[in-house]
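Enquirer: heads up, no residue letters with this:
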Ligand SMILES: Cc1cc2nc3c(=O)[nH]c(=O)nc-3n(C[C@H](O)[C@H](O)[C@H](O)COP(=O)(O)OP(=O)(O)OC[C@H]3O[C@@H](n4cnc5c(N)ncnc54)[C@H](O)[C@@H]3O)c2cc1C
């Protein structure tokens, strides 16, 4: 079985950034990556200083090249099981039967976006059905935009999307908006269409309208949808990581968890992390992990020294 200083599970922005910092710190690092970064369906990535507009796959490919250039190993696969072996570290079982042993583990497995069950919505995801105005708002600025209701937070979300267009409609089920919601929406000229959405209408590979169950068709060029974020954190809960009231793994400084030797970074614990944030969290966790390893190395060296082992 291969043994490493650090096993990084997940090779998106968070995991690759961590592996770069750790391999430059002369740590023996393996990244196991299933190869499905969350933004893969998008044609371009925005808001990453110096990388604005780069296709997501190019960032991953550059990150892999940089990390492997310093000696990191990148393995394609999925970690199916993680076992905490106490002070000696962790063992991971991959779906192809490989086993990996590591002193420390960083989990950067991201999250899954669960969309409302409306016909056609999923097929338009990352094209003209969007979730993040900071990622894609500029590209659809001044167009006929819509926001799909997905709970009371949708009103505040619509007010944010309003920043990118003067022609915005909030699609909300009947009897959901409060008088305060209505007055705020009217005050900023956000239209409201009440009722149930039937499907999205597409012509020539472009969203053209939102069809309502009652037969109305509201012309729209793009629709913002707040998805439900589902963290990919089964490996973490299986080894005993504590969750907060919203069901997210509780973290301390630089991504520590309540399980000694186990760190997290990126969307797996922080749904708001953009690519640049995830990369930053990965870097901070990597530095904390190396510091922890140095602490272990010092303790081991002192113990060996006191027993008279050669240095
Ligand atoms: C459509 C869309 C467009 C976006 N556009 C932008 C944008 O323009 N700008 C921006 O800043 N942000 C954007 N984002 C957000 C961006 O995707 C996230 O900020 C970023 O992906 C978070 O990085 P991460 O490393 O935490 O997770 P991810 O990039 O999702 O990487 C997680 C990795 O872990 C792997 N993995 C999961 N489970 C396992 C396992 N058990 N074993 C091994 N590997 C595993 C996955 O295959 C994946 O490769 C967008 C999101 C979406 C959905």
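Expert: Cool, the structure landed. Model, not experiment: these values are computed from the prediction.
Enquirer: going forward, measure contacts between C-alpha atoms and count neighbours the same way
Expert: Will do.
Enquirer: from residue 303, how far off is residue 202?
Expert: In this view, residue 202 and residue 303 are 69 Å apart by Cα to Cα, to the nearest Å.
Enquirer: so for these two, which sits in the more crowded spot?
Expert: residue 202 (15 against 12; other Cα atoms under 10 Å).
Enquirer: which element is the more buried one on?
Expert: Remark: residue 202 resides in strand 197-203, with elements defined by DSSP states H and E.
Enquirer: just checking: what are the partner strands of that strand?
Expert: The strands beside strand 197-203 in its sheet (DSSP bridges) come out as strand 206-212 (antiparallel).
Enquirer: if we can go back for a sec, let's test this: mean pLDDT of the strand holding residue 202, rounded?
Expert: Average pLDDT, strand 197-203: 97.
Enquirer: going forward can the numbers begin at 727, since that is how I track them
Expert: Understood, numbering begins at 727; the last thing we discussed is strand 923-929.
Enquirer: okay, buried residues for it please.
Expert: 923-927 (16 or more other Cα atoms under 10 Å).
Enquirer: would you list those residues in TSV and tack on distance to residue 811?
Expert: Output for the buried residues of strand 923-929, formatted as TSV (distance: Cα to Cα, whole Å):
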residue	distance to residue 811
923	51
924	52
925	50
926	50
927	53
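Enquirer: what about the residue lying closest to residue 1003 once chain neighbours are set aside, how many neighbours?
Expert: Nearest non-adjacent residue to residue 1003, counting by Cα to Cα, 6 or more residues apart in numbering: residue 992, 7.2 Å away. With neighbours defined by other Cα under 10 Å, the count for residue 992 comes to 28.
Enquirer: I'd guessed residue 992 sits against residue 1005; true?
Expert: Yes. Applying Cα atoms under 8 Å, one finds residue 992 in contact with residue 1005, separated by 7.3 Å.
Enquirer: what touches both of those two?
Expert: Counting by Cα atoms under 8 Å, 6 or more residues apart in numbering, the shared contacts of residue 992 and residue 1005 are 739-740.
Enquirer: list phi and psi for the spatially most central residue of the chain.
Expert: Centroid-nearest residue in the chain, with Cα atoms, centre = their mean: residue 993, separated by 3.1 Å. Dihedral pair for residue 993: phi -60, psi -20, per degrees, to the nearest 10.
Enquirer: which residues does the nearest residue to it once chain neighbours are set aside contact?
Expert: Among residues not flanking residue 993 along the chain, residue 836 sits closest, at 4.4 Å (Cα to Cα, 6+ apart). Taking Cα under 8 Å, 6+ apart as the criterion, residue 836 is in contact with 736, 738, 763-764, 957-958, 992-995.
Enquirer: now residue 1010: which helix or strand?
Expert: According to DSSP H and E, residue 1010 maps onto helix 1001-1032.
Enquirer: got the buried residues for that helix?
Expert: 1001-1016, 1019.
Enquirer: for residue 964, grab the count of nearby residues.
Expert: 12.
Enquirer: cool, and the one 4 residues further on?
Expert: Applying other Cα under 10 Å, we find 16 other residues in the vicinity of residue 968.
Enquirer: what are the phi and psi values at it?
Expert: phi -80, psi 150.
Enquirer: any chance you could map the strands in the stretch 727-876 of the chain?
Expert: 728-735, 755-759, 799-802, 805-810, 816-820, 825-833, 837-840, 855-856, 871-874 (DSSP state E, counting those that start in this stretch).
Enquirer: from residue 822, how far off is the residue nearest to the centre of the chain?
Expert: Residue 993 sits 25 Å away from residue 822, going by Cα to Cα.
Enquirer: over to residue 932?
Expert: Applying Cα to Cα, the value for residue 932 to residue 822 is 40 Å.
Enquirer: okay, these two: which has more neighbours?
Expert: residue 932 (14 against 11).
Enquirer: just checking, that one touches residue 851?
Expert: No. Using Cα under 8 Å, residue 932 is not in contact with residue 851, being 11.7 Å away.
Enquirer: show me the chain divided up by domain.
Expert: What automatic domain parsing lists as the domains of the chain is 728-838+954-1032, 842-950.
Enquirer: ok so, going back, which residues touch the residue nearest to the centre of the chain?
Expert: Residue 993 sits in contact with 834-837, 957, 999, 1004, where contact means Cα under 8 Å, 6+ apart.
Enquirer: mind redoing it with 10 Å?
Expert: Taking Cα atoms under 10 Å, 6 or more residues apart in numbering as the contact definition, residue 993 lies against 738-740, 764, 834-838, 955-958, 999-1001, 1003-1004, 1007.
Enquirer: before we move on, what about residue 797?
Expert: Per Cα under 10 Å, 6+ apart, neighbours of residue 797: 745-746, 748-750, 752-756, 791.
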